[in-house]
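Chemist: Let's see this in three dimensions:
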Amino acid sequence: MSSTTDKIKGLANEAVGNVKQGIGNVTDNDKLKAEGKAQELKGDAQKTVGDAKDGVKSAADTVKSKL
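Modeler: Residues are numbered from 1 along each chain as shown. Predicted coordinates for the structure are as follows:
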């Protein structure tokens, strides 16, 4: 998966997670709040993976250009 794909999926999971948490708060549904928080954290992790891939690619490109 590309870094951009990871970032997009991460943003989508964060957004859906936030919506679930909001609905859980309004309906006082603890299960939905927990699911939303878990999905938000999953999205955050996916974005971090995308950022890491960008960093590795950038470092590899820098090394390549010096050779």
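Chemist: In this structure, what residue spans correspond to helices?
Modeler: 3-27, 30-66 (DSSP state H).
Chemist: can these go into JSON lines with extra columns for mean pLDDT and mean neighbour count?
Modeler: The way it works is simple: take the backbone N, C-alpha and C, and place the C-beta from them, glycine included. JSON lines is the format used below for those (pLDDT from 0 to 100; neighbours: other Cβ atoms under 10 Å):
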{"stretch": "helix 3-27", "mean pLDDT": "96", "mean neighbour count": "16"}
{"stretch": "helix 30-66", "mean pLDDT": "93", "mean neighbour count": "14"}
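Chemist: so who does the closest residue to Asp30 other than its chain neighbours touch?
Modeler: Leaving aside its chain neighbours, Asp30 sits nearest to Gly24 (6.9 Å; criterion: Cβ to Cβ, 6 or more residues apart in numbering). Residues near Gly24 by Cβ atoms under 8 Å, 6 or more residues apart in numbering: 30-36.
Chemist: between those, which is closest to Gly55?
Modeler: Nearest to Gly55 out of these is Gly36 (Cβ to Cβ; 28.9 Å).
Chemist: Just to check, the closest one is in contact with Val19?
Modeler: Yes: the criterion here is Cβ atoms under 8 Å, and Gly36 meets it with Val19 at 7.1 Å.
Chemist: so which of the contacts of Gly24 comes closest to Thr48?
Modeler: Set against Thr48, the nearest of the contacts of Gly24 by Cβ to Cβ is Gly36 (18.9 Å).
Chemist: next one: stretch 3-15 to chain centre, how far?
Modeler: In terms of Cα atoms, centre = their mean, to the nearest Å, the centre of stretch 3-15 is found 5 Å from the chain centre.
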